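Student: Could you look at this predicted model? Sequence included:
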Amino acid sequence: MELTELERQRVEKLERLRALGIEPYPHRVKRTHTVAEAIAALEEAEASGTEGPHAAIAGRLKSMRVMGKVTFAHIEDGSGTIQLFLRIQNLGEDTYELFRQNFDLGDFVAAEGKLMRTRTGERSLLVERICMLAKAISPLPVIKEKEIDGRVVRYTHFSDVEERYRQRYADLACNPEVREVFRIRARTLAALRRFLDEHGFIEVETPILQPVYGGAAARPFVTHHNQLHQDLYLRIAFELYLKRLLVGMYDRVYEIGRDFRNEGVSHKHNPEFTQLEFYAAYWDYNQVMSFCERMLAYVAEEVTGSPVIHYQGHEIDLRPPWRRVTLREVINEVTGIDYVQFPSAAALASVMKSKGLLARDRASWGYLIDKGLLSEVEPKLIQPTFVMDYPRDISPLAKAKPEDPTHVERFEYFIGGMEMGNAFTELNDPFDQEQRFLEMGRIYAPDDEEAHPMDEDYLRAMKYGMPPNGGLGLGVDRLVMLLTDKPNIREVILFPHLRAKS
């Protein structure tokens, strides 16, 4: 790997340390306190009127200011930042010069000494010993370097946003606000689990590699098992396996994990994403709606301290009850098209085109409603909204409405102008389910992303008896976008998928 001039200079320092018998990547480190623990210990000593205790801390050098025989630096670990106060009279001339000439910003170091406050009141460690833990060869991204009696380096964001995603490790290292996004993500996952666990759900794990993909309308990734000579699919949803568990007498199950969909990338889509799905026996979509709004209000309050959040300039109130509106009503409200008045795909496509809306050729009636008309509505649904009752031909796993067999008991829910998830009163009649799979095969070409393959084993499971149930899917990444006020899904995925560099 070719090195830059700055990297070559750092390699020279590394070699100089080794020539002096100092290992720049030692096996072990002495550490008695995190930075946060050290600060707490100092404040406790000050409160009791005693001297600051000794501490050994470790972390990354974030700033250095050399002032002759005194150097001020800052060291950061996962818990916080504290100043290092280095004096030649405490370290000795040799160690002080070794530090000054061979340590750089970004290096991981260990420092030991007495906790104190400087005359300016800053909490500090008066360093008696310091050693290298890991020499950083590549300098972290900086906005500018300015020499003032030594050097001061100010860290900032990458100028190239895509490079931040490609080098997330460096992005995290120099941007504490980015680290906070992923702490919020972790708290979000914990809160979701806590709410589900407290309501009688059991967390399970289902296959990622599947012989038949299903449970959603998406094109899968295909892989091959060499030993079995069998093509397999990375799952696009958990649904069909989770509902098998209802047959096996678990009343409430959920899974949080990765789904994989071989489709486009956008500010709301990543080919690999985190999903929550749950299924509850003896529920319908009305009970799922009530549970969903309570769960998301709880998560927001646990994570942000309030069920009222701010997203892209909007104040959004997640407290129940949320607005409930049928798909027909909300589309008519926004586009002026009452789609039930156009019961064929050709008629609906014609009226859509007359209003300047895109209508894919040879698309089904349900596809035009969902992908064409609903896409006009979605950006306007800022406050939490349940949009209910979807066309049957795009909902092969949901029960038909008793009073209207052209529609099913399905809802999608929208917050901040984004679809957040999908839910059904789940179909549990094996013969109806088989007919739906056959219909999907006739409506869609085999390579169409809306097609749903026949799953014989799932039908076999249903024939043993599946209780009536309601289920829900939630896009975890989009929920984290809401809770962190981020407009792009790549901001909340540690390592998002990016086009390969040429």
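Tutor: Sure thing, it's come through.
Student: Checking residue 84 next. Helix, strand or coil?
Tutor: Of the three states, residue 84 takes strand according to DSSP: H, G, I helix; E, B strand; the rest coil.
Student: my guess is it meets residue 124, correct?
Tutor: Yes: using C-beta atoms under 8 Å, residue 84 is in contact with residue 124, at 6.9 Å. Quick note: C-beta positions are derived from backbone N, CA and C, even for glycine.
Student: so what pLDDT did residue 298 get?
Tutor: At residue 298, the model reports a pLDDT of 98.
Student: the longest strand in the chain is where?
Tutor: Assignment by DSSP state E gives strand 54-67 as the longest strand of the chain.
Student: So what's the gap between it and the chain middle?
Tutor: Here strand 54-67 shows a centroid-to-chain-centroid distance of 32 Å under the convention C-alpha atoms, centre = their mean, to the nearest Å.
Student: Equivalent analysis for stretch 102-113, please.
Tutor: On C-alpha atoms, centre = their mean, the centre of stretch 102-113 falls 32 Å from that of its chain.
Student: Going forward, the N-terminal residue is numbered 53.
Tutor: I'll keep to 53 as the first residue from here, and by that count the last item is stretch 154-165.
Student: Residue 547 belongs to a helix?
Tutor: No: according to three-state DSSP, residue 547 belongs to no helix; its state is coil.
Student: ok, it - how many residues close by?
Tutor: Neighbours of residue 547 under the rule other C-beta atoms under 10 Å: 12.
Student: gap between the residue lying closest to it once chain neighbours are set aside and residue 213?
Tutor: Excluding its sequence neighbours, the residue lying closest to residue 547 (C-beta to C-beta, 6 or more residues apart in numbering) is residue 220, at 5.7 Å. Distance of residue 220 to residue 213, computed by C-beta to C-beta, to the nearest Å: 12 Å.
Student: Give me the phi and psi for residue 327.
Tutor: Dihedral pair for residue 327: phi -130, psi 150, per degrees, to the nearest 10.
Student: just checking, it touches residue 306?
Tutor: No: applying C-beta under 8 Å as the test, residue 327 and residue 306 come out as separate, 10.5 Å apart.
Student: what sits in contact with each of these two?
Tutor: With C-beta atoms under 8 Å, 6 or more residues apart in numbering applied, the contact sets of residue 327 and residue 306 do not overlap.
Student: Please, which helix or strand holds residue 316?
Tutor: Counting by DSSP states H and E, residue 316 is held by no secondary-structure element, helix or strand.
Student: no wait, residue 526
Tutor: Assigned by DSSP H and E, residue 526 belongs to strand 521-527.
Student: Can you give the distance from the lengthiest helix in the chain to the centre of its chain?
Tutor: Determined from DSSP state H, the single longest helix within the chain is helix 228-250. Relative to the mean C-alpha coordinate of its chain, helix 228-250 is positioned 9 Å out (C-alpha atoms, centre = their mean).
Student: Distance from the chain centre to whatever helix or strand comes next after it, please.
Tutor: As assigned by DSSP H and E, the chain's next helix or strand after helix 228-250 is strand 254-255. In terms of C-alpha atoms, centre = their mean, the gap separating the centre of strand 254-255 from the centre of its chain is 21 Å.
Student: Show the average pLDDT along strand 254-255.
Tutor: Average pLDDT, strand 254-255: 98.
Student: now do stretch 230-250
Tutor: For stretch 230-250, mean pLDDT is 97.
Student: So for that stretch, what gets flagged as buried?
Tutor: 230, 233-234, 236-237, 239-241, 243-244, 247-248 (16 or more other C-beta atoms under 10 Å).
Student: Next up, the contacts around residue 519.
Tutor: By C-beta under 8 Å, 6+ apart, the residues touching residue 519 are 298, 303, 333-334, 480.
Student: Among the residues you listed, which one has the most neighbours?
Tutor: Of the contacts of residue 519, with other C-beta under 10 Å as the count, residue 298 tops at 25 neighbours.
Student: State the helix or strand in which that one lies.
Tutor: Under the criterion of DSSP H and E, residue 298 resides in helix 291-299.
Student: Quick one: distance of that helix to the chain centre.
Tutor: Worked out by C-alpha atoms, centre = their mean, helix 291-299 lies 25 Å from the chain centre.
Student: coming back round to it: okay, the angle between the strand holding residue 526 and helix 291-299?
Tutor: 140 degrees (axes from the mean of the first three to the mean of the last three C-alpha atoms, to 10 degrees).
Student: Restrict the helix or strand following strand 521-527 to CA atoms and write it as PDB.
Tutor: As assigned by DSSP H and E, the chain's next helix or strand after strand 521-527 is helix 528-536. The C-alpha coordinates for helix 528-536 follow below in PDB (Å, rounded to 0.1, in the frame of the first residue of the first chain):
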ATOM      1  CA  VAL A 528     -35.400  -0.300  12.400                       C
ATOM      2  CA  ASP A 529     -33.000   1.900  10.400                       C
ATOM      3  CA  ARG A 530     -35.800   4.300   9.500                       C
ATOM      4  CA  LEU A 531     -36.900   4.400  13.100                       C
ATOM      5  CA  VAL A 532     -33.400   5.400  14.100                       C
ATOM      6  CA  MET A 533     -33.400   8.000  11.300                       C
ATOM      7  CA  LEU A 534     -36.500   9.600  13.000                       C
ATOM      8  CA  LEU A 535     -35.000   9.400  16.500                       C
ATOM      9  CA  THR A 536     -31.700  11.000  15.400                       C
END
